[in-house]
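Participant: Below are the sequence and a predicted model; questions follow.
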Amino acid sequence: TAAALTNLAHQPPLAVQAQSKRAFLEVADRAVADSTQSRGVFGGWLRRLPGVALAVLLVLFLGGAGLVGASGAAVPGDALYRTKRWVEDVRLNLTTNPETAAGLREQFRRERISGVERLLVAGRATSVSLSGRIDAMGGDGWMVAGVPVLVTPDTAIDGRPVVGALVQVSGRTDNQAVIADRISVLTAILTPEP
């Protein structure tokens, strides 16, 4: 067997080499054609991807900025009111200076009162929440931060409310007043003993 192997030709015949070369080139041509077709579909998409991503980000940024701006005038019951409150929360959470945060809280408190007043003028009934000092207390009609508040037998009162105390009022607007569901005294007015 070893002697017979030395008599074998080391090179295949030229006809077999030519046939093998043709088969290889045909397979290579098909592979190139397939990759060109797929590159045409995906390659073009990949080249456009950065532009598409930039356009989407631009629309989101400008649309988001417009949404935030439009939500600034929203009052309770409006579709954008949750967006307004979310923006306020973000602004407070990003503020590191305690004095700036206190100023923002006061600004947002005044905006809540203004929103409640606009709802009362428009005669819209919706759930509201506001905080402020008790200006006056007379039976079931109170004034809190200049807003008329109706206290009913169903109103839950936490703490001891007195004129001048800071309170949080949760309720609903109706008939030119806020009908209180809950009033929580935040800070009481301490009077010295005689």
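Facilitator: Received it, and whenever you're ready, just let me know what you need. Numbers count the residues shown, from 1 in each chain.

Participant: contacts, neighbours, all on C-alpha from now
Facilitator: Will do.

Participant: Trp86 sits in which helix or strand?
Facilitator: According to DSSP states H and E, Trp86 maps onto helix 81-94.

Participant: got the buried residues for that helix?
Facilitator: Tyr81, Thr83, Lys84, Arg85, Val87, Glu88, Leu92 (16 or more other Cα atoms under 10 Å).

Participant: where in this protein is pLDDT low?
Facilitator: For the chain, residues meeting the criterion pLDDT under 70 lie at 1, 4-12, 34-49, 52, 55-73, 188-194.

Participant: residue ranges for the strands of it, please.
Facilitator: For the chain, strands defined by DSSP state E occupy the ranges 127-138, 141-144, 147-158, 166-174, 177-187.

Participant: would you turn those strands into CSV with distance to Phe108 and mean neighbour count?
Facilitator: Shown next, in CSV, are the strands of the chain (distance: least, Cα to Cα, whole Å; neighbours: other Cα atoms under 10 Å):
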stretch, distance to Phe108, mean neighbour count
strand 127-138, 10, 19
strand 141-144, 16, 20
strand 147-158, 16, 16
strand 166-174, 14, 21
strand 177-187, 17, 21
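
Participant: Ok, which of those strands comes nearest Gln107?
Facilitator: Among the strands of the chain, strand 127-138 comes nearest to Gln107, with 11.9 Å by Cα to Cα.

Participant: Which other helices and strands does the closest one contact?
Facilitator: helix 98-122, strand 141-144, strand 166-174 (3 or more Cα pairs under 8 Å, 6 or more residues apart in numbering; DSSP states H and E).

Participant: Put the alpha carbons of stretch 129-141 into CSV.
Facilitator: What follows is stretch 129-141, C-alpha atoms only, in CSV (Å, rounded to 0.1, in the frame of the first residue of the first chain):
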residue,chain,number,x,y,z
SER,A,129,-56.2,70.2,47.9
LEU,A,130,-54.8,73.4,49.4
SER,A,131,-52.9,74.6,52.4
GLY,A,132,-53.0,78.0,54.1
ARG,A,133,-53.8,79.8,57.3
ILE,A,134,-57.3,79.9,58.7
ASP,A,135,-58.4,83.5,58.2
ALA,A,136,-61.9,83.1,59.8
MET,A,137,-64.0,80.5,61.4
GLY,A,138,-67.8,80.9,61.7
GLY,A,139,-69.9,77.8,62.2
ASP,A,140,-69.6,75.7,59.1
GLY,A,141,-68.1,78.4,56.9
